[in-house]
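Engineer: Following is a predicted model, sequence given first.
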There are 2 protein chains.
Amino acid sequence: MPRPRKFRESDVVSSASEVFAVHGLAAATLDDLVRATGLGKQSLYNAFGGKRELFLRALSEDREEATRAVSEALGHDDASPLERIRGHLLRMAIEFSSGDRRVSLTTRALVESTGAEDPLSTATKAGIEQLAGVYAQCLEHARENGDLPADASVQSLAVYFVAVTRGMELLGRAGVGRGVLTAVALDALRVLHGQRMEAANGNHVPTESAGPDS
Amino acid sequence: MPRPRKFRESDVVSSASEVFAVHGLAAATLDDLVRATGLGKQSLYNAFGGKRELFLRALSEDREEATRAVSEALGHDDASPLERIRGHLLRMAIEFSSGDRRVSLTTRALVESTGAEDPLSTATKAGIEQLAGVYAQCLEHARENGDLPADASVQSLAVYFVAVTRGMELLGRAGVGRGVLTAVALDALRVLHGQRMEAANGNHVPTESAGPDS
DNA sequence: TACGTTATTGACCATATGGTCAAAAACCTG
DNA sequence: CAGGTTTTTGACCATATGGTCAATAACGTA
């Protein structure tokens, strides 16, 4: 019997994502959001709770979507796992050099999170881990395939690819063009062709400052 | 005969940098700046011109400092160029996992720049190129040394390292710990040992990491 | 068709923002 | 010590911010 909503939450979150991707959390005004989503402040407010909460929703959706996309890119069976990673990275090079002003919400969150224990930081970390997990899965397949040495450090390589893609995204923002970004991607991929994967377990620390932990 | 200033510009810019590094450009309030620098709004204003301009100054100083630091790290003669890059990257892994909330102003600028032709974007691009230039110089030495194949793409490798370090910085913000980040750095470095460099690979860079610890 | 529930609307608010102004203060030179 | 120049100070301002309220509009059901 309650009056039904005029909007679909997913649409609103999607529009909000766009705003956040372009402006960032801090710089996006509630008014931007209102304009982009089409609903009034109050509707936004009692559907989501506020700017921050809306960002969290957007982040969560963005994360899901990104994971799905990468997962799909890495999951097709028509190519070897390593080829899939290669294709994915090259596609990222193109996407990131496309010149639009969007920045993935995960990256936004990474930079704008306070670092404290707030939900934003938590969600951000989770996002990174989830993303790394997708890479790890694919790399694991590659290892099982024999495309990677048995002692390859799938975990750190996965994180490595997350780092590389984030870096590429930033460079794209700096105006680095498609050609260079593609070359960077190819450089990055060369890690997978190295014969000795001796660095397996994330050991060794720099020579001069041998660290205690790890 | 004019009344002299009570402050040194470099001190002010330095304090401001700290604020910007922690909060970012958009989120840092003029009041934060006033408090951090110790001078009044108006003094800030007629010495620099406003928040944005102050950020640009801070960015420029930060860029100079970063370039100098990397350049120094990569420029010492007591190790081969490749070893220097290795040491530098491992040091970055430690720095970025130190858990503070600072983000380099270059990265901040990268994310917060509008992408348009404003001075911020311009300075940002210049910063990236400058940084890449430092890597390129070192890599070029490595090539001359025979540590890299003659046909190695020094340019793209340089940009690659910029990307990797930016990515590592972001991951550090996400709470990725020192061990993992170090492993990522080592993964990243493996690019320099890629198969095509196999023939030319001298013994300057220890390929097997003799790290005995966990 | 009336009711209860919820969504929507648009006005409203306290605050904090970046930025400005005019007066007072400080310094160096002459 | 006076004059000129610039800095400093603290009050001031218009605006935009995130957020809230009370009233109204829709809807499904009974």
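Structural biologist: In hand now; what should we look at? Residues are numbered from 1 along each chain as shown, chains lettered A, B, ... in the order given.

Engineer: Chain A: helices as residue ranges?
Structural biologist: For chain A, helices defined by DSSP state H occupy the ranges A:9-23, A:30-37, A:41-48, A:51-75, A:81-96, A:105-112, A:119-145, A:154-173, A:178-189.

Engineer: Mean pLDDT for those - can I get that in TSV?
Structural biologist: As requested, the helices of chain A are exported to TSV (pLDDT from 0 to 100):
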stretch	mean pLDDT
helix A:9-23	94
helix A:30-37	94
helix A:41-48	92
helix A:51-75	90
helix A:81-96	94
helix A:105-112	94
helix A:119-145	93
helix A:154-173	97
helix A:178-189	97
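
Engineer: Adding mean neighbour count, write these out as JSON lines.
Structural biologist: C-beta here means a position set from N, CA and C on the backbone, and glycine is covered the same way. As requested, those are arranged in JSON lines below (neighbours: other C-beta atoms under 10 Å in any protein chain shown):
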{"stretch": "helix A:9-23", "mean neighbour count": "19"}
{"stretch": "helix A:30-37", "mean neighbour count": "16"}
{"stretch": "helix A:41-48", "mean neighbour count": "15"}
{"stretch": "helix A:51-75", "mean neighbour count": "18"}
{"stretch": "helix A:81-96", "mean neighbour count": "19"}
{"stretch": "helix A:105-112", "mean neighbour count": "26"}
{"stretch": "helix A:119-145", "mean neighbour count": "19"}
{"stretch": "helix A:154-173", "mean neighbour count": "26"}
{"stretch": "helix A:178-189", "mean neighbour count": "21"}
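
Engineer: For DNA strand C, which of those helices is the nearest?
Structural biologist: helix A:41-48 (2.9 Å; C-beta to the nearest atom of the strand).

Engineer: can you give me how far the closest one is from the chain middle?
Structural biologist: Taking the mean of its C-alpha atoms, helix A:41-48 sits 28 Å from the chain's own mean (C-alpha atoms, centre = their mean, to the nearest Å).

Engineer: Does it pack against any helices or strands, and if so which?
Structural biologist: When contacts are defined as 3 or more C-beta pairs under 8 Å, 6 or more residues apart in numbering or on different chains; DSSP states H and E, helix A:41-48 sits against helix A:9-23, helix A:30-37, helix A:51-75.

Engineer: got the helices of chain A as CSV, with distance to DNA strand C columns?
Structural biologist: Listed next are the helices of chain A as CSV, based on distance: least, C-beta to the nearest atom of the strand, whole Å:
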stretch, distance to DNA strand C
helix A:9-23, 9
helix A:30-37, 10
helix A:41-48, 3
helix A:51-75, 14
helix A:81-96, 30
helix A:105-112, 15
helix A:119-145, 19
helix A:154-173, 22
helix A:178-189, 33
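
Engineer: Export the helices and strands packed on helix A:41-48 as a markdown table, with columns for distance to DNA strand D.
Structural biologist: Shown next, in a markdown table, are these (distance: least, C-beta to the nearest atom of the strand, whole Å):
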| stretch | distance to DNA strand D |
| --- | --- |
| helix A:9-23 | 10 |
| helix A:30-37 | 3 |
| helix A:51-75 | 4 |
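
Engineer: so how far is B:Ala27 from the spatially most central residue of chain A?
Structural biologist: For chain A, the residue sitting closest to the mean C-alpha position, by C-alpha atoms, centre = their mean, is A:Thr106 at 5.5 Å. As for A:Thr106, its distance to B:Ala27 is 18 Å (criterion: C-beta to C-beta, to the nearest Å).

Engineer: which residues does A:Gln130 contact?
Structural biologist: A:Arg63, A:Thr67 (C-beta atoms under 8 Å, 6 or more residues apart in numbering or on different chains).

Engineer: what separates it from A:Leu181, distance-wise?
Structural biologist: 24 Å.

Engineer: One more: A:Val154?
Structural biologist: Distance from A:Val154 to A:Leu181, by C-beta to C-beta: 25 Å.

Engineer: gap between the closest residue to A:Gly127 other than its chain neighbours and A:Arg143?
Structural biologist: Closest residue in space to A:Gly127, ignoring its immediate chain neighbours: A:Arg63 at 4.3 Å, by C-beta to C-beta, 6 or more residues apart in numbering or on different chains. A:Arg63 is 26 Å from A:Arg143, where distance means C-beta to C-beta.

Engineer: Check A:Arg178 too.
Structural biologist: As judged by C-beta to C-beta, A:Arg178 and A:Arg143 stand 31 Å apart.

Engineer: Equivalent analysis for A:Ser60, please.
Structural biologist: Taking C-beta to C-beta, one finds A:Ser60 at 31 Å from A:Arg143.

Engineer: How about A:His76?
Structural biologist: On the measure of C-beta to C-beta, A:His76 and A:Arg143 end up 18 Å apart.
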